[in-house]
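**Q** structure for this input, please:
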Amino acid sequence: PPENPPSVHNCDCSHISVENDARDAETDEPESADTHPAAHPERVGLHADFGPADGGGSASTEQGEGDATPSDERGDESSPSVRLMECERDALEGLLELGIEDIDRAAKIARQGGDVHTSIFEALTRDQERQWKVAALLDRGDVRHALRLATCGQQSVQLQCGCCESEDNYLPVTCDSRLCPDCQDRKVGQNIEKYENRVKGMDNPVMLTLTEKNFRDPVAGRRQVMEDLAAFRRRTIPFEGTTTRETDDGETVEKSWCWWRGADVDDVDPDLEQWKVKLQEQGHHDLVRRLQSEYVNYEYEDITGTHVGRNIPLDELTNGGIYGIDIKQQGPLQFHVHAHVLVDMAYVPQAAISAVWEDITGDACVVDVRSIYDRAERQDAAEALAETVGYAVKPPEFEELEEELEFVKAAKGCPTVHPFGDLHGLGSPDGPGLICADCERMPQEWMYLGTVEERRDTVGKSWETDRGMDPPEE
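**A** Predicted structure coming up:
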């Protein structure tokens, strides 16, 4: 495309006929398959007629009465003439450069004009990955998404502070697309800021990775994992039991746990995971007494007789947390969908978690449980939060761009980070508040002043719900 592409509003929209190459005019030989314009996509944009405005791809060979072309002079009626507008030809060349190889399809897209042309010319100034995504969106007819992705961060809005009336406040216009690496990085930072203080205040932050067998459909897999995770949070944990797993080597491994066995706390069976002992090591003495009284030693009767002990609800052991869904493609129609959970949870035997998760999913899936830090090392909380949010916000890993676009379309409107428990509803539902660059306050009102054709970012952001100051009196 030219260095200064024509404006979609000011281009010359008159039909222009461009003659064939002088090289073609100098020979009397008919065009071969190799010399036909369709064999050279880089020249087709200027030397082919792509048919009527409905996008037909057949070349026109009809000549109007009185029209003289070099083809007429040498009696070659098979050479087409161009019937694209100048701005459409520029857009066509841009589409070829963006990677759309189907000439007829590219011509049909180029004829749409307006936002399509803006998307093309803006995308040509961006990185190659963004160019491919914009071209794929245009090819699918998703013009609005393509325009947002192509122009992301290229403009900024100017705002006037409602407190000090300063006009030196600029905010970039972003696309918020799952396909945009810049917007995803920004969302990671915003979510870390939103939850960091609460995560640092957790007594026992734990990272859980819960997997299931591969799915054929990533959208259905994501929905199923979320439903299973919701069921998991409502379940009860047996205070004793055994789980059996088969390793990759074909060996069978059994893991058992119990509440407590022994005359006293120090009488620990090294081959048996004792839940009570671990909780006491964490300092949860009051919790241990309550769980033992209300659940472990609870007596009840039914038609089979008198029983002692009942399962412990998981919500007795957790306070709240966040989770995100990660998707990786491992082959054709094979999508590995799993959940990364950061939760404030008192100690629960990993074997017990695995047994409950297997009961929900119906498959012996992998469950990874990691304590984030010792109680004295709070600095690891930010790293764990960044890892969890990063997994949640990063785009799914697909082998083909078309599959990624299908998933993004299906997941439109779905949040990437899901808080629950004490973290549910944290912060403003409208997103972070804006802080004036001059007075450093968060006004209740902003005055929109217009846009500038460059990226500027001077305002601060905060998740505090208090919007601070009222606008000044008249």
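
**Q** would you pull up how far stretch 175-191 lies from the middle of the chain?
**A** Counting by CA atoms, centre = their mean, to the nearest Å, stretch 175-191 is centred 8 Å from the centre of its parent chain.

**Q** quick check: residue 96 is in a helix.
**A** Yes. Applying DSSP: H, G, I helix; E, B strand; the rest coil, one finds residue 96 inside a helix.

**Q** neighbours around residue 101, how many?
**A** 9 (other CB atoms under 10 Å). C-beta: built from backbone N, CA, C; applies to glycine.

**Q** next one: residue 341
**A** Using other CB under 10 Å: residue 341 sits among 23 other residues.

**Q** for it, which three-state class applies?
**A** Going by three-state DSSP: residue 341 is strand.

**Q** low-scoring stretches of the stretch 151-300 of the chain, by residue?
**A** 248, 262-271 (pLDDT under 70).

**Q** can you do 90?
**A** 176, 178, 181, 184-209, 211-214, 216-219, 239-274, 277-278, 281-283, 296-300 (pLDDT under 90).

**Q** where do the strands of it begin and end?
**A** Listed in chain order, the strands of the stretch 151-300 of the chain (DSSP state E, counting those that start in this stretch) span 156-161, 169-172, 205-211, 236-237, 241-246, 252-258, 273-274, 299-302.

**Q** residue 235 reaches residue 314, doesn't it?
**A** Yes. Counting by CB atoms under 8 Å, residue 314 is a contact partner of residue 235 at 5.7 Å.

**Q** select the longest strand from this structure.
**A** In terms of residue count, the longest strand belonging to the chain (DSSP state E) is strand 318-331.

**Q** mind listing what's buried in it?
**A** 318, 319, 320, 321, 322, 323, 324, 325, 326, 327, 329 (16 or more other CB atoms under 10 Å).

**Q** next, the angle from that strand to strand 205-211.
**A** 40 degrees (axes from the mean of the first three to the mean of the last three CA atoms, to 10 degrees).

**Q** from the contact counts, what lies against strand 318-331?
**A** Counting contacts by 3 or more CB pairs under 8 Å, 6 or more residues apart in numbering; DSSP states H and E, strand 318-331 packs against helix 218-233, strand 334-345, helix 380-393, strand 418-421.

**Q** who wins for proximity to residue 419 among the strands of the stretch 151-300 of the chain?
**A** Residue 419 lies closest to strand 205-211 among the strands of the stretch 151-300 of the chain, at 14.0 Å (CB to CB).

**Q** break this structure down into its domains, please.
**A** 22-61+75-151, 179-415 (automatic domain parsing).

**Q** what number of residues lie near residue 415?
**A** Around residue 415 there are 9 residues (other CB under 10 Å).

**Q** who's in contact with the closest residue to residue 259 other than its chain neighbours?
**A** Leaving aside its sequence neighbours, residue 259 sits nearest to residue 239 (CB to CB, 6 or more residues apart in numbering; 4.4 Å). With contacts defined as CB atoms under 8 Å, 6 or more residues apart in numbering, the neighbours of residue 239 are 258, 259, 275, 295, 296, 309, 311, 312.

**Q** the nearest residue to residue 214 once chain neighbours are set aside bridge partners, please.
**A** Once flanking residues are discounted, residue 214 sits nearest to residue 334: 4.8 Å by CB to CB, 6+ apart. Note on residue 334: beta-bridge partners by DSSP bridges are residue 331.

**Q** swap in residue 160?
**A** Under the criterion used (DSSP bridges), residue 160 bridges to residue 447.
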